[in-house]
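Enquirer: After the sequence you'll find the predicted model.
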2 protein chains.
Amino acid sequence: MEDKRSDCEAINIDIVNKVKPNMPEMRVLYELSDFFKVMGDSTRIQLLWALEESEMCVGDLAVLLNMTKSAVSHQLKVLRVAKLVRSEKKGKNVYYALDDHHVKSILEKALEHIGE
Amino acid sequence: MEDKRSDCEAINIDIVNKVKPNMPEMRVLYELSDFFKVMGDSTRIQLLWALEESEMCVGDLAVLLNMTKSAVSHQLKVLRVAKLVRSEKKGKNVYYALDDHHVKSILEKALEHIGE
DNA sequence: TACATAGTTGAACAACTGTTCATTTGTGTT
DNA sequence: AACACAAATGAACAGTTGTTCAACTATGTA
């Protein structure tokens, strides 16, 4: 039996037992929360929002968000690792673009939630 | 003129100027990122997932997630403040239920994203 | 080749976050 | 009233996160 960390007994064992088998497996759980962690930063939301409209290079994104290139680059890396954006080098510049069609619809759903 | 924090000039001013007026206003921006921050924790995802299936009291949620009542209660408070769940006292127990119909569809969209 | 520019990187720092622990509040029971 | 139990709370702690700063790489140009 696995070690027990809860400091009490179930009050409605039937409900607990009904819900338990439908809980997400560990891997899915962490992929979900990691995804939302990435979305949970105002700088990264701005970057995604901007890239929804047009692909842009790091310097232009820095001007648009009024931040240093370094700060923007760090956050773009987080988005790139999460596979939400992709980058392409064109001469001296690196252009970033959205790499996931779910981002837009999730942002829209979140806006619906907020607008109530 | 507002103070400039970016450490460079725009490379494609036309693109920056086209995108700029469509950027989200500060209030919306923070509401969006705050919402995703709340979703960006594996404990809170588990709580929402469980409550999607059935309303439950704190003790049962603690047993289900194998955590202390205190830890669960702290996270339920975060969800309550974010208006994602509501609570109702029934005798000695406090039952929590989902209080937002967008959560389910956002979780589903996020699952689609992960499943690729 | 030498130089300026675009972007990346890693260390450092302060700010924030989640769990634990001890305590408190409130309800039902004896 | 005294007690047991469910839940909430606040302080404390370790772990994480975002920005800054300085250094570095890579590309285009004089």
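Expert: Here it is on my side, so go on.
Enquirer: For stretch A:108-116, buried residues please.
Expert: Within stretch A:108-116, the residues that count as buried by 16 or more other C-beta atoms under 10 Å in any protein chain shown are A:Lys109, A:Ala110, A:His113. The C-beta positions use only the backbone N, C-alpha and C, and glycine is treated the same way.
Enquirer: outside of that stretch, which residues touch it?
Expert: Identification of contacts with stretch A:108-116 by C-beta atoms under 8 Å, 6 or more residues apart in numbering or on different chains yields B:Val28, B:Glu31, B:Leu32, B:Phe35, B:Phe36, B:Asp100, B:His102, B:Val103, B:Ser105, B:Ile106, B:Lys109.
Enquirer: Just the buried subset of those, please.
Expert: For the contacts of stretch A:108-116, a burial check counting by 16+ other C-beta under 10 Å picks out B:Glu31, B:Leu32, B:Phe35, B:Phe36, B:Asp100, B:His102, B:Val103, B:Ile106, B:Lys109.
Enquirer: about what we covered before: which among the contacts of stretch A:108-116 gets closest to A:Leu61?
Expert: B:Leu32 (17.8 Å; C-beta to C-beta).
Enquirer: Over to the closest one. Which of the three states is it?
Expert: Each residue gets one of three states, and B:Leu32 gets helix by DSSP: H, G, I helix; E, B strand; the rest coil.
Enquirer: I'd assumed A:Leu107 was in contact with it.
Expert: Yes: B:Leu32 is within contact range of A:Leu107, at 7.2 Å (criterion: C-beta atoms under 8 Å).
Enquirer: who touches both of these two?
Expert: With the criterion set as C-beta under 8 Å, 6+ apart, the overlap between the contacts of B:Leu32 and A:Leu107 is A:Ile45.
Enquirer: Render the CA-only coordinates of the lowest-mean-pLDDT helix or strand in chain A in PDB, please.
Expert: None of the helices or strands of chain A scores lower by mean pLDDT, DSSP states H and E than helix A:102-114, at a mean of 93. The C-alpha coordinates for helix A:102-114 follow below in PDB (Å, rounded to 0.1, in the frame of the first residue of the first chain):
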ATOM      1  CA  HIS A 102      -4.600  25.900 -29.800                       C
ATOM      2  CA  VAL A 103      -3.100  29.000 -28.100                       C
ATOM      3  CA  LYS A 104      -5.500  31.300 -29.900                       C
ATOM      4  CA  SER A 105      -8.600  29.400 -28.900                       C
ATOM      5  CA  ILE A 106      -7.500  29.000 -25.300                       C
ATOM      6  CA  LEU A 107      -6.800  32.700 -25.100                       C
ATOM      7  CA  GLU A 108     -10.300  33.300 -26.400                       C
ATOM      8  CA  LYS A 109     -11.900  30.900 -23.900                       C
ATOM      9  CA  ALA A 110     -10.000  32.600 -21.100                       C
ATOM     10  CA  LEU A 111     -11.200  36.000 -22.300                       C
ATOM     11  CA  GLU A 112     -14.800  34.700 -22.200                       C
ATOM     12  CA  HIS A 113     -14.200  33.600 -18.600                       C
ATOM     13  CA  ILE A 114     -12.800  37.000 -17.600                       C
END
